[in-house]
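J.: structural data only, the sequence is not supplied:
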DNA sequence: TTGTATGCGTTATCAG
DNA sequence: CTGATAACGCATACAA
């Protein structure tokens, strides 16, 4: 940081702290026009003559006027803020998505209001109530758990963008990632490396994401003429701990595997630890594949082969979609297809 | 999720979507009192007689009235929202802190407004401008980069809680973690295990956190009568990648180490990969210690010995502090002391 | 203790 | 194209 930037910030702070808030009315007075005219220029809500326009713009610049979003919200009904419901604000996956949302929303003048639903439908409903009471202009729900019906109902009064499900409704846009294909790709990768005894650590089957990944796993097995066996799948809960537990069970089951596909990276990390504890080397004795491509997957030992889920882009696209909805347009954007990222935790069966 | 909860949420959505917004005035009419009386009960701003009070409360319940925060903000100057400036909304460390903030703020009726400063003083200043323009009631700055002067100036017009520095001022509360002691503890741990050639991967020395951790490292060496050598420290940037690079340099330097202390976990992860790549086993041939105790540190192979930094509590405490400031009180809360978490990446020198 | 009147800073609806 | 004027929903002096 340069001295210049330091003092710049400091001076600005000083100026802001001392100056009384400058209002639209003050701008109008200074530019010798009515408040309405100023408002019109601000919102491009009507054409204003050249001279008045420049006068107002000059006054705005001189006074350093910034419109008050609170007053705007009251008068115009728009708060320029978007509610974002995540499940866990502190998960690496959601973090990236939130950053993507922020990156897209800010330039458009909108601010995100983040709340976390904690994987719980009721909490989620409360969050939405809160956001509505705060008069957000629209809501993005990331991987929500609310029933489709509820979403459709809410969409009647507020633009909604949801991810992690397929859903068609007015004023609502659904963005879904192809989890089936991801699951298929990961499994196929292991098959192509010569593996035939491939265990699967699933997530909560109630959750569509998890169910789809499992379906992808089964499809790949079938495609390779490998009979699916229920003993090969252990249910986890998308947390590291559950991955470790699953590996323990798998190893104790008497079945002998040469590869494990964990349906998210966090469980793959847990599985990795479980294998390490039992002295099973990855990838020499066991190939391990995850799902999500969390930033940290690049730095595990060994780096994790996984399915890239475009969290950041997901956020960007969701934000763009809500912006479209707000503009009265119909979004058409889609999420990128799943990609297999081959790293060092999977290797050819020798 | 039960069917009960599903339908509950759905019904609520339906109800909300159809009902027109109910205002304070409607409540007043129904309860046969004046709007001011309702307002008084809502804000406990004056004592109200028993019967009227119950009448109003009943009306509120029957109508499902929720005060409009936007109108409140305009009229009362309070928006019940707190700006939170983080550096990177998607870092594991900040994620936990944000969750702590959310957990403390929500029950008090406040909503956090998260923005990320991207480790850049100017961006941070812009964020604060934005938050001010949105009329937040207070601001929490997590590990900010703005000069003390700027913060003090801002605090004149808005309650401020800052972390990661020591600072005394009116309407401002600083919460600092003892990074020096943390650095000392980690190094001392390695010394006690018999290590004497201990490398250090530092952060940006411009940042107080990083400087303090380095100071702790040096203090522990001195205490153990080990001469500090500049060649032992490699500068990183708190990212995984830089940890890996640092290890490469360290290993290529010709010096021979038996232990590495990375001044944050992310760099320790990178270092771990660097060591893995070169076939150096942890902890048998090299002990590795990190700093932060990120959630994922528990699941690296081997699990990482580190200094626990209470990110979640940090968030909670910061939120509590801003609440105190808002209430006109002087916060007294402190952060817990650093704790060494011994796991499996460090071992006695044989 | 309670009600009335006014204002918060904008946008929106009118006339002109 | 422009300017009064009335909301927006609530809090708060002020008066009773």
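T.: Received, thanks. Just so it is clear, the structure is predicted and the values come from calculations on it, not from any experiment. Residues are numbered from 1 along each chain as shown, chains lettered A, B, ... in the order given.

J.: now do the contacts for residue A:319.
T.: Shown in contact with residue A:319 (C-beta atoms under 8 Å, 6 or more residues apart in numbering or on different chains): A:82, A:100, A:101, A:103, A:104, A:105, A:112, A:140. Where C-beta positions appear, they are placed from N, C-alpha and C, glycine not excepted.

J.: A helix includes it, no?
T.: Yes - checked against DSSP: H, G, I helix; E, B strand; the rest coil, residue A:319 lies within a helix.

J.: what's the neighbour count on residue A:216?
T.: Neighbours of residue A:216 under the rule other C-beta atoms under 10 Å in any protein chain shown: 27.

J.: quick revisit: now the contacts of residue A:319 as a markdown table including neighbour count?
T.: Shown next, in a markdown table, are those (neighbours: other C-beta atoms under 10 Å in any protein chain shown):
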| residue | neighbour count |
| --- | --- |
| A:82 | 27 |
| A:100 | 22 |
| A:101 | 29 |
| A:103 | 14 |
| A:104 | 21 |
| A:105 | 24 |
| A:112 | 23 |
| A:140 | 29 |
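
J.: out of those, which is nearest to residue A:32?
T.: residue A:105 (35.9 Å; C-beta to C-beta).

J.: how near is residue A:183 to DNA strand D?
T.: Distance, residue A:183 to DNA strand D, by C-beta to the nearest atom of the strand, to the nearest Å: 48 Å.

J.: likewise residue A:241?
T.: Residue A:241 is 45 Å from DNA strand D, by C-beta to the nearest atom of the strand.

J.: where's that residue, which helix or strand?
T.: helix A:240-252 (DSSP states H and E).

J.: what is the subsequent helix or strand relative to that helix?
T.: According to DSSP H and E, the helix or strand after helix A:240-252 is strand A:259-262.

J.: by contact count, what packs against the next helix or strand after that following strand?
T.: Following strand A:259-262 in sequence order, the next helix or strand is helix A:265-277 (DSSP H and E). Using 3 or more C-beta pairs under 8 Å, 6 or more residues apart in numbering or on different chains; DSSP states H and E as the contact test, the elements touching helix A:265-277 are strand A:198-202, helix A:240-252, strand A:259-262, strand A:287-289.

J.: closest to residue B:152 out of the ones you listed?
T.: Of all the helices and strands packed on helix A:265-277, helix A:240-252 comes closest under C-beta to C-beta, at 42.5 Å.

J.: angle of the helix holding residue A:241 against helix A:265-277?
T.: 50 degrees (axes from the mean of the first three to the mean of the last three C-alpha atoms, to 10 degrees).

J.: what residues of helix A:240-252 count as buried?
T.: Neighbour-count burial for helix A:240-252, counted by 16 or more other C-beta atoms under 10 Å in any protein chain shown, picks out A:240, A:241, A:242, A:243, A:244, A:245, A:246, A:247, A:248, A:249, A:250, A:251.

J.: please apply the same query to stretch A:176-190.
T.: A:176-190.

J.: contacts for it?
T.: So stretch A:176-190 is contacted by A:163-166, A:198, A:200, A:208-209, A:212-217, A:219-221, A:223-224, A:259, A:261, A:263, A:287, A:289, A:291, A:305-307, A:309-310, A:314, A:335, A:337-340, A:342, A:346 (C-beta under 8 Å, 6+ apart).

J.: so the most centrally placed residue in chain A, which state does it fall into?
T.: Nearest to the geometric centre of chain A sits residue A:97, at 3.1 Å (C-alpha atoms, centre = their mean). Classification of residue A:97 by three-state DSSP places it in helix.

J.: pretty sure it sits against residue A:315.
T.: Yes - counting by C-beta atoms under 8 Å, residue A:97 touches residue A:315, with 3.9 Å between them.

J.: and the average pLDDT for stretch A:40-48 is what?
T.: Throughout stretch A:40-48, pLDDT has a mean value of 91.

J.: likewise for stretch A:154-171?
T.: Mean predicted lDDT for stretch A:154-171 stands at 92.

J.: ok, then the element right after the helix or strand of chain A with the lowest mean pLDDT?
T.: Every helix and strand of chain A was ranked by mean pLDDT, DSSP states H and E. The lowest is helix A:3-18, at a mean of 48. Counting by DSSP H and E, the next helix or strand C-terminal to helix A:3-18 is helix A:24-31.

J.: near DNA strand C at all, that next one?
T.: Yes - using C-beta under 7 Å from any atom of the strand, helix A:24-31 reaches DNA strand C at A:24, A:25.

J.: list the buried residues of that helix.
T.: Result for helix A:24-31 [16+ other C-beta under 10 Å]: buried residues A:24, A:26, A:27, A:28, A:30, A:31.

J.: over to stretch A:189-205?
T.: Going by 16+ other C-beta under 10 Å, stretch A:189-205 has these buried residues: A:189, A:190, A:191, A:193, A:195, A:198, A:199, A:200, A:201, A:202, A:203.

J.: show me which pair in those residues is furthest apart.
T.: Applying C-beta to C-beta across those, the maximum distance is between A:193 and A:203, 23.7 Å.

J.: tell me who's in contact with residue A:78.
T.: Here residue A:78 is in contact with A:72, A:137 (C-beta under 8 Å, 6+ apart).

J.: can you tell me the SS state at it?
T.: Assignment for residue A:78 (three-state DSSP): coil.

J.: got phi/psi on it?
T.: The phi and psi values for residue A:78, taken as degrees, to the nearest 10, are phi -110, psi 130.

J.: distance of it from chain B?
T.: For residue A:78, the distance to chain B (C-beta to the nearest C-beta, to the nearest Å) stands at 10 Å.

J.: same check, this time on residue A:287
T.: For residue A:287, the distance to chain B - C-beta to the nearest C-beta - is 15 Å.

J.: burial measure for residue A:145, as a count.
T.: With other C-beta under 10 Å as criterion, residue A:145 counts 26.

J.: which residues does the residue lying closest to residue A:130 once chain neighbours are set aside contact?
T.: Computed as C-beta to C-beta, 6 or more residues apart in numbering or on different chains, the closest residue to residue A:130 that is not its neighbour in sequence is residue A:115, at 6.7 Å. With contact set as C-beta under 8 Å, 6+ apart, residue A:115 has these partners: A:83, A:84, A:85, A:86, A:127, A:130, A:131, B:102, B:111.

J.: how far away is the first one from DNA strand D?
T.: Spelled out, it's residue A:83. 18 Å.

J.: and if you look at the fourth one?
T.: Applying C-beta to the nearest atom of the strand, one obtains 28 Å for the distance of residue A:86 from DNA strand D.

J.: next: the third one.
T.: Distance of residue A:85 to DNA strand D, computed by C-beta to the nearest atom of the strand: 23 Å.

J.: that residue - nearest residue in space that isn't next to it in sequence?
T.: residue A:141 (4.6 Å).

J.: what helix or strand is residue A:280 located in?
T.: Short version, using DSSP H and E: residue A:280 is in no helix or strand.

J.: what's near enough to touch it?
T.: Here residue A:280 is in contact with A:251, A:286 (C-beta under 8 Å, 6+ apart).

J.: kindly report the residues of chain A close to DNA strand C.
T.: A:21, A:23-25, A:35-36, A:38-39, A:42-43, A:45, A:65-68, A:71-72, A:74-77.

J.: list the strands paired with whatever helix or strand the residue nearest to residue A:130 lives in, with their directions.
T.: When elements are assigned from DSSP H and E, residue A:115 belongs to strand A:111-116. Strand A:111-116 sits in its sheet next to strand A:81-86 (parallel), going by DSSP bridges.

J.: quick check: residues of chain A near DNA strand D?
T.: Counting by C-beta under 7 Å from any atom of the strand, chain A sits next to DNA strand D at A:33-37, A:40, A:46-49, A:52-53, A:71, A:74-75.

J.: can you narrow those to ones near chain B?
T.: A:71, A:74 (C-beta under 8 Å from any C-beta of the partner chain).

J.: thinking again about what came up before, so how far is the helix holding residue A:241 from its chain's centroid?
T.: Relative to its chain's centre, helix A:240-252 lies at 28 Å (C-alpha atoms, centre = their mean, to the nearest Å).
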